[in-house]
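*Asks:* would you be able to build a 3D model of this:
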Amino acid sequence: MALIVQKYGGSSVADATAIKRVAKRIAEARRAGDDVVVVVSAMGDTTDELIDLANEISPLPPSREMDILLTAGERISMSLLAMAIANLGVEAQSFTGQQAGVITDDAHGRARIIDVKASRIRQALDAGAVAIVAGFQGVTEHTNDVTTLGRGGSDTTAVAIAAAVGADVCEIYTDVDGVFTADPRIVPSARKLERITYEEMLDMAASGAKVLMLRCVEYARRNKVVIHVRSSFTGHTGTLVTDETPQQGQEGTSMEQPIISGVAHDRSEAKVTVVGVPDVPGTAAQIFETVAGAGVNIDMIVQNVSVAATGLTDISFTLPATDGARATAALGAVQDVIGFASLQYDDAIGKLSLVGAGMKSHPGVSAKLFGALRDAGINIEMISTSEIRVSVVTRADQLDDAVRAVHTAFDLDSADGEAVVYGGTGR
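*Replies:* Residues are numbered from 1 along each chain as shown. Presented below is the predicted three-dimensional model:
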């Protein structure tokens, strides 16, 4: 008998038919003797619809009230799923994040999990019931205010609960069959990975791959939680995310693991260029301290060579497009202090990232990447590298072509036909 945590995304519980299908899978696992904890997202596009509704009421809704509103979506899906499971003759108990003991900090809209006090979940399991937990939400430790964890928060909830209850595996169910070498919506020939390391999955998630969120993978790596990414629409084996890939020579593996795990892309970033920056010590620090003070995370940074005649340079960096207005406003307020000439903002960019632990021991990866982009007529605006990742910024309207060209250049295309996307979002 195993202890399993299963997480179902919005497309997996989008309507009554989908909820009944998920309930059947859960009931079968329970009847097989496994203890099952389920974490659910809101149905379909419920969260987006609630956000739109709030924005119709108020242009700047209070963050505390937004969290109370948005948690309603998961409460609806958890209760309906509990009803569907009970209808199959299996006992199920649903819990809000607060009831499940998910304790967070007080950062409304982007709270982080501090602890999971899973006593009520354990009581439900001891009673032979399936425990169903509303994902994406928790409660502050001292004020008892409801919080939400931000996009992908249900994944993080599932991994945190799996760590708290000592689950054997955390199954993340979505609308594709696992982690692919690229988004199958962009590259239909993408190949499903049987296994991927935490480090590779972290870089894939940070680079735009939406099948797992970054914080979820970080939590799993820190707590050694094995993640199994699967489709809720089929019974196919998915992708295991673990602390290491199989060693060479192990049964079921080739003598040498692939160099590249996948190609990720991201359309959610924008580029800020600070023009005419005095090239003197401390100026860059002033710029990035200002951006950090505005609560904005920066991804890629490029500084041009200083022009000798003027002693000025340009500094460009990428950031989430949703933070663009806040960053430019903060920099504009200190323009006279820093002494730069102007700001340029560009949200028509896309980021492509090539990820693979095998890069560390294989020369020529960057040359092949840039050659593939050249042959496809793709211009590169920025470059960033790590031990297992090379990222480039291109024009947004060229991003799909760039992904397909690089995917083919590194022989990642599958020979088994096109990948199937059972839903529509990858979540």
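
*Asks:* show me where this structure has helices.
*Replies:* 16-31, 46-57, 63-87, 97-100, 119-126, 153-165, 198-206, 214-223, 283-293, 324-333, 335-338, 365-375, 399-409 (DSSP state H).

*Asks:* ranking those helices by burial, who's on top?
*Replies:* helix 153-165 (a mean of 27; mean count of other C-beta atoms under 10 Å). C-betas here are computed from N, CA, C, even on glycine.

*Asks:* so which elements touch it?
*Replies:* Packing partners of helix 153-165 (3 or more C-beta pairs under 8 Å, 6 or more residues apart in numbering; DSSP states H and E): strand 3-8, strand 35-40, strand 102-104, strand 113-116, helix 119-126, strand 137-140, strand 169-174, helix 214-223.

*Asks:* got CSV for those, with distance to Asp67 and mean pLDDT too?
*Replies:* Listed next are those as CSV, based on distance: least, C-beta to C-beta, whole Å; pLDDT from 0 to 100:
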stretch, distance to Asp67, mean pLDDT
strand 3-8, 20, 97
strand 35-40, 18, 98
strand 102-104, 10, 97
strand 113-116, 14, 95
helix 119-126, 21, 97
strand 137-140, 8, 97
strand 169-174, 23, 94
helix 214-223, 17, 93
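
*Asks:* show me where pLDDT drops low in the chain?
*Replies:* 244-258, 417, 422-427 (pLDDT under 70).

*Asks:* most distant residue from the centre of it?
*Replies:* Ala309 (45.3 Å; C-alpha atoms, centre = their mean).

*Asks:* could you report the neighbour count for Lys351?
*Replies:* 26 (other C-beta atoms under 10 Å).

*Asks:* that one pairs with what?
*Replies:* On the basis of DSSP bridges, Lys351 is bridged to Asp266, Val393.

*Asks:* so how far is Arg230 from it?
*Replies:* 27 Å (C-beta to C-beta, to the nearest Å).

*Asks:* show me what contacts Val102?
*Replies:* 113, 116, 133, 137-139, 157, 160-161 (C-beta atoms under 8 Å, 6 or more residues apart in numbering).

*Asks:* give me the distance between it and Thr148.
*Replies:* For Val102 relative to Thr148 (C-beta to C-beta), the value is 11 Å.

*Asks:* do the same with Ala160
*Replies:* In terms of C-beta to C-beta, Ala160 sits 14 Å off from Thr148.

*Asks:* Asp106 too?
*Replies:* 12 Å.

*Asks:* more neighbours: these two, which one.
*Replies:* A side-by-side neighbour count of Asp106 and Thr148, using other C-beta under 10 Å, places Thr148 first with 27 against 13.

*Asks:* for the more buried one, what are its contacts?
*Replies:* By C-beta under 8 Å, 6+ apart, the neighbours of Thr148 are 66-67, 70-71, 108-111, 136-137.

*Asks:* surely Thr328 meets Val272?
*Replies:* Yes - between Thr328 and Val272 there is a contact under C-beta atoms under 8 Å: 6.4 Å.

*Asks:* which neighbours do these two share?
*Replies:* Contacts common to Thr328 and Val272, judged by C-beta under 8 Å, 6+ apart, are 343, 345.

*Asks:* what sits against the residue farthest from the centre of the chain?
*Replies:* Taking C-beta under 8 Å, 6+ apart as the test, Ala309 contacts no residue whatsoever.

*Asks:* do you know how far it is from Asp279?
*Replies:* 12 Å.

*Asks:* what do you get for Asn144?
*Replies:* 52 Å.

*Asks:* who has more neighbours, those two?
*Replies:* Legend: neighbour count by other C-beta under 10 Å for Asn144 and Asp279, higher for Asp279 (17 against 8).

*Asks:* next, count neighbours for the spatially closest residue to the more buried one that is not a sequence neighbour.
*Replies:* Closest residue in space to Asp279, ignoring its immediate chain neighbours: Ser306 at 3.9 Å, by C-beta to C-beta, 6 or more residues apart in numbering. Here the count is done by other C-beta under 10 Å, and Ser306 has 15 residues near it.

*Asks:* same deal with Asp413?
*Replies:* 16.

*Asks:* ditto for Ala107
*Replies:* 15.

*Asks:* and it, how far is that from Thr148?
*Replies:* Counting by C-beta to C-beta - Ala107 and Thr148 are separated by 10 Å.

*Asks:* ok, the closest residue to Val133 other than its chain neighbours - contacts?
*Replies:* Of all residues not flanking Val133 in the chain, Ala100 sits nearest, at 4.5 Å (C-beta to C-beta, 6+ apart). Neighbouring residues of Ala100 by C-beta under 8 Å, 6+ apart: 116, 118, 120-121, 131, 133-134, 161.

*Asks:* same check, this time on Asp243
*Replies:* 197-198, 221, 224.

*Asks:* got those residues as JSON lines, with distance to Ile338 columns?
*Replies:* JSON lines is the format used below for the contacts of Asp243 (distance: C-beta to C-beta, whole Å):
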{"residue": "Thr197", "distance to Ile338": "41"}
{"residue": "Tyr198", "distance to Ile338": "39"}
{"residue": "Arg221", "distance to Ile338": "38"}
{"residue": "Lys224", "distance to Ile338": "45"}
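
*Asks:* and which of the residues you listed is nearest Ile4?
*Replies:* Lys224 (16.2 Å; C-beta to C-beta).
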